[in-house]
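Student: only the shape, not the letters, is given here:
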């Protein structure tokens, strides 16, 4: 969600929480994603998944992360000031995501530092969280974003 004025590194406040919205998982998309990118039996075969540790079909963790990334880009990142990311730390999948689950996600600004080598940008550290419809935490991650600083 883009506001009328750009959100620069200077505008991020440590402790601020940004809601990212929700996304629902269907059996069809779980299987399609897994067939393309993570074809383990508990992601692609409902029958085999029933006999697995999970007791049924579950989404690939990479699918969960990809859908949360979409929410992140659509509802948080400002395309006028974002400069990319050097990575994500401590990505954790805490509970299986099943067909019919709806995840609600948010990101919290955990810290920010000016770049030492590039004064026109700063680094924003974020904590990502997603819960299912029962309020159970299903995924966490620590993100790092490079963001343009406000011009002088």
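Tutor: Structure's in. What do you need? Computed from a predicted model, the values in this text were never measured in an experiment. Numbering: from 1, shown residues only.
Student: report the central residue of this structure.
Tutor: residue 68 (3.5 Å; CA atoms, centre = their mean).
Student: state the distance from it to residue 97.
Tutor: Note on residue 68: its distance to residue 97, by CB to CB, to the nearest Å, is 10 Å. C-beta here means a position set from N, CA and C on the backbone, and glycine is covered the same way.
Student: need the overlap of contacts for the two.
Tutor: residue 103 (CB atoms under 8 Å, 6 or more residues apart in numbering).
Student: tell me which element residue 99 is part of?
Tutor: Assigned by DSSP states H and E, residue 99 belongs to neither a helix nor a strand.
Student: nearest spatial neighbour of it, chain-adjacent residues omitted?
Tutor: Spatially, and ignoring its direct neighbours in sequence, residue 99 is nearest to residue 27 (3.8 Å; CB to CB, 6 or more residues apart in numbering).
Student: burial count for that neighbour?
Tutor: Look at residue 27: counted by other CB atoms under 10 Å, it has 13 neighbours.
Student: apart from its chain neighbours, what residue comes closest to residue 140?
Tutor: Spatial nearest neighbour of residue 140, chain neighbours left out: residue 92 (4.9 Å); criterion: CB to CB, 6+ apart.
Student: would you confirm that the residue nearest to the centre of the chain belongs to a helix?
Tutor: Yes. Judged by DSSP: H, G, I helix; E, B strand; the rest coil, residue 68 forms part of a helix.
Student: isn't it up against residue 21?
Tutor: No. Judged on CB atoms under 8 Å, residue 68 makes no contact with residue 21 at a distance of 9.9 Å.
Student: need the overlap of contacts for those two.
Tutor: residue 105.
Student: thanks a lot, see you next time.
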